[in-house]
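*Asks:* model this:
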Amino acid sequence: MTLEPILIAMLLGGLAVVLVVEAVAARRGHPQDRVNRRLSLLAGGGDARVVLRKLSRRPMQGDNHDLALALLRIPPIRALDHLAARAGLLTPIEHLLVALGLSVVAAVLACLAAGIGPELAVPAGPVGAVVVWVLVLRRLARRRNARFAEQFPKALTLISRSLRAGHPLSTALSLVAREMPDPLGSEFGMVFDEMTYGQDLRGALANLCRRVDGRELRYMAVAISIQQSTGGNLAQLLDSLAGVLHEVERMHRKVRALSAEGRLSALVLSVLPFAVAFGIALLAPGYYDEVFRDRPFLIVLCLGGAGIGLGILMMVRMVNFRF
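*Replies:* Got it, this is the predicted structure:
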């Protein structure tokens, strides 16, 4: 038995352990009997400053503090950390880079084990691993933003009612942080904590907008900033914004229901060419061996693949609507 498969298994196992530990750690912040992750950490006896730094992914005081600060000065690593923050991961950047390095090495060894030469495996492995990581983190960030947008109108209504009851805005934000689940509850809790420890309201809202991407959130931040500067009825303004968001969400659900058939057709048409090619390759492995040596066939195949990709892109744009 060669050593190469053993190394691949060990590295893939180590990467799987890292990912499972991260998933379990993230899931522990969402039990049914607790409101959100921030309150869970505070209820466990955590210091509010430490919890704030952990949730905002700021380097913690300790042995790796200087290393983390040095790493975050590198633009690609800083972009990766920002993407991890939007995805809601709490893993420190140095641990995240270790997991990324393990996946890069595993990808290179997997390419070598598959018979790919070192001249292709060495550049292709790292590129593939990094692309997969970025796609996964972007997917997690989009899901988190979608959950935030779904909870946001309720949060605006809660803030408006608190303001009408005579509470200051900081108290209204703390109420949202206590009553709303993640991700919105923890994000507004971080805004409240930043204000508690000296950050002004505009700066705290700007940090929130950097962590969560959403037009609705920026509208609220602009409205609150203008109200802080010029005055006005903030409760009425937030009520109007919440009503608009409720109508937009209702229209979005209606459009998705009406376009369900089109989206399903687009999915079938997108998968069908690849499924047919895979089926032919599985049932008759040597069916295309001779024509693969024909240059015109390869040119037509590339043009056909480009046409399929363009068609998939057009169908995706046709069945996905932006408001």
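*Asks:* Do a quick rundown of the strands in this structure.
*Replies:* Using DSSP state E, no strands are found in the chain.
*Asks:* If you drop the residues flanking it in sequence, what lies closest to the spatially most central residue of the chain?
*Replies:* The centre of the chain sits closest to A141, judged by CA atoms, centre = their mean, with a distance of 1.3 Å. Of all residues beyond its chain neighbours, the one nearest A141 is R86 (3.9 Å), with distances taken as CB to CB, 6 or more residues apart in numbering. (Glycine included, C-beta is placed from N, CA and C.)
*Asks:* Identify the residues contacting the one you found.
*Replies:* 137, 141, 144-145, 211-213 (CB atoms under 8 Å, 6 or more residues apart in numbering).
*Asks:* what pLDDT does it get?
*Replies:* Note for R86: predicted pLDDT of 90.
*Asks:* Please parse this structure into its domains.
*Replies:* Under automatic domain parsing, the residue ranges defining each domain of the chain are 3-143, 146-232, 259-319.
*Asks:* Format the ones you listed as TSV; extra columns: distance to H252.
*Replies:* Output for the domains of the chain, formatted as TSV (distance: least, CB to CB, whole Å):
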stretch	distance to H252
domain 3-143	15
domain 146-232	10
domain 259-319	11
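*Asks:* Least reliable of those by average pLDDT, please.
*Replies:* domain 3-143 (a mean of 76).
*Asks:* gap between that one and the chain center?
*Replies:* 12 Å (CA atoms, centre = their mean, to the nearest Å).
*Asks:* Check stretch 232-252 too.
*Replies:* Relative to the chain's own centre, stretch 232-252 is displaced by 26 Å; criterion: CA atoms, centre = their mean.
*Asks:* how about the helices of the stretch 201-323 of the chain, start to end?
*Replies:* Assigned by DSSP state H, counting those that start in this stretch, the helices in the stretch 201-323 of the chain fall at 201-211, 215-230, 234-258, 260-283, 295-319.
*Asks:* now those helices in TSV, with distance to A110 and mean neighbour count?
*Replies:* Listed next are the helices of the stretch 201-323 of the chain as TSV, based on distance: least, CB to CB, whole Å; neighbours: other CB atoms under 10 Å:
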stretch	distance to A110	mean neighbour count
helix 201-211	34	17
helix 215-230	41	15
helix 234-258	38	15
helix 260-283	20	12
helix 295-319	24	12
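*Asks:* Now render the ones you listed as JSON lines, adding distance to L112.
*Replies:* Output for these, formatted as JSON lines (distance: least, CB to CB, whole Å):
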{"stretch": "helix 201-211", "distance to L112": "39"}
{"stretch": "helix 215-230", "distance to L112": "46"}
{"stretch": "helix 234-258", "distance to L112": "45"}
{"stretch": "helix 260-283", "distance to L112": "23"}
{"stretch": "helix 295-319", "distance to L112": "26"}
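*Asks:* nearest to P123, of the ones you listed?
*Replies:* Smallest distance to P123 across the helices of the stretch 201-323 of the chain (CB to CB): 21.6 Å, for helix 295-319.
*Asks:* That closest one vs helix 234-258, what angle?
*Replies:* Angle of helix 295-319 versus helix 234-258, following axes from the mean of the first three to the mean of the last three CA atoms, to 10 degrees, is 130 degrees.
*Asks:* now the angle between helix 260-283 and helix 295-319, please.
*Replies:* Using the same axes, to 10 degrees: helix 295-319 against helix 260-283 is 160 degrees.
*Asks:* how close does L169 get to C209?
*Replies:* 17 Å (CB to CB, to the nearest Å).
*Asks:* actually P296, not the one I wrote
*Replies:* 53 Å.
*Asks:* give the contact list for the residue nearest to P126 when sequence neighbours are not counted.
*Replies:* Leaving out its chain neighbours, the residue that sits closest to P126 by CB to CB, 6+ apart is V104, at 4.7 Å. By CB under 8 Å, 6+ apart, the contact list for V104 reads 125-126, 129-130.
*Asks:* Kindly indicate which of the residues you listed lies nearest L71.
*Replies:* V130 (15.8 Å).
*Asks:* All set now, cheers.
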